[in-house]
Structures are given as C-alpha cells and as structure tokens.
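A.B. asks: need coordinates for the following:
(2 chains)
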Number of protein chains: 2
Amino acid sequence: MKIALLGGTGDIAEGLVLRWSKAGHEIFIGSRSDEKAKKIASEYIETLSKLGITPNIHGMPNADAARSAEVVVISIPPEYAASTVRQIRDSFTNQIVITPVVSMVKKGNYFMYTPPPQGSCALEIKEALPEGVKLVSAYHNLPAKELSKIDKELDYDVVICGDDEEAKAVVKKLTEDMPKLRALDAGPLEVSMMVEAITPLIINLNLRYKPRHFSVKFV
Amino acid sequence: MKIALLGGTGDIAEGLVLRWSKAGHEIFIGSRSDEKAKKIASEYIETLSKLGITPNIHGMPNADAARSAEVVVISIPPEYAASTVRQIRDSFTNQIVITPVVSMVKKGNYFMYTPPPQGSCALEIKEALPEGVKLVSAYHNLPAKELSKIDKELDYDVVICGDDEEAKAVVKKLTEDMPKLRALDAGPLEVSMMVEAITPLIINLNLRYKPRHFSVKFV
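C.D. replies: Numbers count the residues shown, from 1 in each chain, chains lettered A, B, ... in the order given. I've put the predicted structure just below:
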C-alpha cells in the first residue's frame, strides 16, 4: 500500500517505516520542510539498503505526502498534531488516517493523560479532518525502541478503534505485517480515550521499572 | 491479615475471599444487612470446607467489618461506593483501603469510562475517607469468573497506585498471595484514572471477542 507518515521522524515513525518497507509497502515521509523530509527519506533508504532491502521511500512536504497515500499516519507530537492536520486539511479526501496521538503532562516524576475538550486526541483530530476520511486510532502503545529493531518479533497487542469497519480491517492487516503484533478491535472511535490513557500509564511503569520498555497484552 | 470486603458478594469479592482464605487470612464480609452478610459468610465457609479448607470468615454490617480489619476492600458497585464509604466514615482510622471501583456507562453496544468530577473513582473515595486512611487503587481489571476458580493460576498483572509506599507494599504482598498475579506500581493515587479506564476497554474487548475474558499483562 501507499502509506504516508506525517512528521515521519521521531518516536514510532522509524520502526513503522522500516517494517512496512520490509513488507513491501511504498512510504511517503512528510515533514514541514521538503528538504528535511528528503533527508530523512534518504537516511531510511540507506539503513534498509544495508539490510539488503530496496525500499520505495519518498520525502516531501506533509500536504503532498498525505495526498499521495491511501493510509496516512499522524506521527506528529500531540501539541502540533491537530493543528498540522487542520493546515493541510485540503490534502485529505477519503484516505484512512491513523492517529497514535496521546497528549499528556509531566507532574513531578510521573505523567498524566490530559485529553483535549473533545474527550480524546482521536476525537480532536476527527474534528480537524474532512468528513470522508476514515479515522482509526492505533499504535499508541508500541515501544518505539523495540519497534525500530526491524527483525525483532513483537509479541504485543495493538488496540484499535474507529467507526469504519473496512478501515479497521486495513489497519489490522498493516499491523499484522509486523510480526507478531496482534490487532484487537475495541469498538468505535469514541472509546479512544481508554486506549490513549494507557500510554502515560506505560511510561510511568517504564520510569519505575527501568530499564524495562513495557507494552501491553490482553490475555 | 484481617481483611474486610465491604459489599462482599458480587463480582471480584468471591474470588478474593476464597483465595485469601486459602492463603490463611481472616475475612470480614460486610453488607448493609447483618443477616445478608452472615448468610454470605456461611456460604463461603461451606464452599471452602468442601475444598478441605477451614476458613476464618465472619459476616457483619459494613461499618463493623471496616472497623475490624487492617485492610478494607471497597467491593461495592460504583454508584454506591463513595456514598457507602461516607456513611461509615467513622469506622475508618488508619486502615489500608483498596478501591477497585470503576464508573462507566453503556452506550449502545459498548462501555465508556465516566470518571467523577474528582478525576477518578479513587480520588472521589479518597475525599469520602478520613485523612489517616491509606488508600490504594487496585484490582480493577481482574476477571471475576477466573478469579473465583480458586486453584487456577492467574498470569495477569495488577496495576496499583497510591500515595503511601508501605500500604502499596502490603497490597503487593496480598496480590502475590494469589498465584501468579504480579503487582505493578504505577505511581501516586492521581494516576488511578489511567488504570480505571482499562476496565471498560477490557469489557468492550470481551463483548467483541466472546467467549474471551481478557485481563491485562505488561510485557
């Protein structure tokens, strides 16, 4: 598939780009700056080439990346996510958009989940997108470091939610392109707050149980 | 230890009573009605006797049960939990109180977490208790049915939070009296909303993936 990663640099973006490239998908790295996007794309290409993989990765401004793809991942820090989507709103028509966005604040030595007034980051992003877009909330709790180890099997669950069953089926398939992730469907987009809240919880556990990098599994 | 279970009938109370009795703890079943509490206590005694265990279980009104114990579990439905605690507030001095309380609403075919204005059920109950009480939030996500199978090993995680380190150590020990539960400390009581929110999420997964009874594990 043609997959865009907006702000495709930090956190989970690296692991997603590497693993989806390995699975044969075409990747569009978006950034605010065309130059930066192209630089990052060439770095990913170099990393993958060394592993014997010839990837299909392009760098371009966020708006062009979103327009080029069938699936768009909002891998943008929470404080810029909704505003970036609003700025490039015209690039969206009927894509599947994946939001892993979670907003939180640090209070002393722990993090608190701080949902926006809409009730969750997913619902805030939904408001910023045109109507035909199929939004799926997913990938909040993947440990970025483990994800970027391209050959490591990930025995974790990815909880997804959204209002479009076909879009969720696509995200489930993309998830399971990354061995051994399992996608679990938790229902409509409205339940996203319950999924997003797990992220600061896991960060707090990671801080207490260093050097663990926890993810979650439903057993 | 002397452990009270207020409203010690439904949901996870049964499993906790059976398993903690097996581990040798003394149990005080509390109920609004003395008669009902005594009836339930005798049923638990009968169940355990059949398994060759001679338990130490007493039934009494909630206020007396709370007063008799070192550890008090608020196993009361969310809509009555804080008000019941307020009514018997004078029975609390310096006990460890465990809240597994989670408030939620059903919307169509799924559940939404609905925290009270304090931010979480734990913080609402804290407000209802006198100052010396050490409140620990725990046991939200134990599958009641599995818990009540007294000999079944439970390979789940119990996420606990609270502001008193010694109280959390006691709850950790009580948790690990139930083989193979693992207690994970997620920090201060304030993070309880992030733990409570997992419960309706799990219920939604259970509804979608029948006949599974999910619990959670951090891996």
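A.B. asks: give me every residue in chain A lying close to chain B.
C.D. replies: A:107, A:109-110, A:112-113, A:155-156, A:159, A:184-188, A:190-191, A:193-195, A:197-198, A:200-202, A:204-205, A:208-209, A:214-219 (Cβ under 8 Å from any Cβ of the partner chain). Heads up, the C-betas are built off the backbone N, CA and C, glycines and all.
A.B. asks: how many neighbours does the closest residue to residue A:116 other than its chain neighbours have?
C.D. replies: In this structure, residue A:116 finds its nearest non-sequential neighbour in residue A:124, 4.4 Å apart by Cβ to Cβ, 6 or more residues apart in numbering or on different chains. Neighbour count for residue A:124, taken as other Cβ atoms under 10 Å in any protein chain shown: 21.
A.B. asks: test my guess that residue A:124 contacts residue A:118.
C.D. replies: Yes: counting by Cβ atoms under 8 Å, residue A:124 touches residue A:118, with 4.4 Å between them.
A.B. asks: rewinding a little: gap between the residue nearest to residue A:116 and chain B?
C.D. replies: 17 Å (Cβ to the nearest Cβ, to the nearest Å).
A.B. asks: do residue A:13 as well
C.D. replies: 23 Å.
A.B. asks: leaving out the residues flanking it, which one is nearest to that residue?
C.D. replies: residue A:75 (4.2 Å).
A.B. asks: from memory that neighbour sits against residue A:6, does it?
C.D. replies: Yes: Residue A:75 is within contact range of residue A:6, at 6.4 Å (criterion: Cβ under 8 Å).
A.B. asks: the two: who's more crowded?
C.D. replies: Between residue A:75 and residue A:6, residue A:6 has the larger neighbour count (other Cβ under 10 Å), namely 29 against 26.
A.B. asks: for the closest residue to that one other than its chain neighbours, report the pLDDT, please.
C.D. replies: Spatially, and ignoring its direct neighbours in sequence, residue A:6 is nearest to residue A:30 (4.2 Å; Cβ to Cβ, 6+ apart). Looking at residue A:30, its pLDDT reads 96.
A.B. asks: what residues does the lowest-mean-pLDDT helix or strand in chain A touch?
C.D. replies: For chain A, counting by mean pLDDT, DSSP states H and E, helix A:144-148 ranks last in confidence among helices and strands (a mean of 93). Helix A:144-148 is contacted by residues A:11, A:12, A:14, A:15, A:16, A:18, A:19, A:152, A:154, A:178, A:213, A:215 when judged by Cβ atoms under 8 Å, 6 or more residues apart in numbering or on different chains.
A.B. asks: residue A:48 contacts residue A:21, correct?
C.D. replies: Yes: using Cβ under 8 Å, residue A:48 is in contact with residue A:21, at 5.5 Å.
A.B. asks: thinking again about what came up before, restricted to buried residues, select the contacts of helix A:144-148 in PyMOL.
C.D. replies: Filtering the contacts of helix A:144-148 down to the buried ones (16 or more other Cβ atoms under 10 Å in any protein chain shown) takes a single PyMOL command:
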select buried, chain A and resi 11+12+14+15+16+18+19+154+178+215
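A.B. asks: closest to chain B among the contacts of helix A:144-148?
C.D. replies: residue A:215 (6.1 Å; Cβ to the nearest Cβ).
A.B. asks: where are the low-confidence patches of chain A?
C.D. replies: A:10 (pLDDT under 70).
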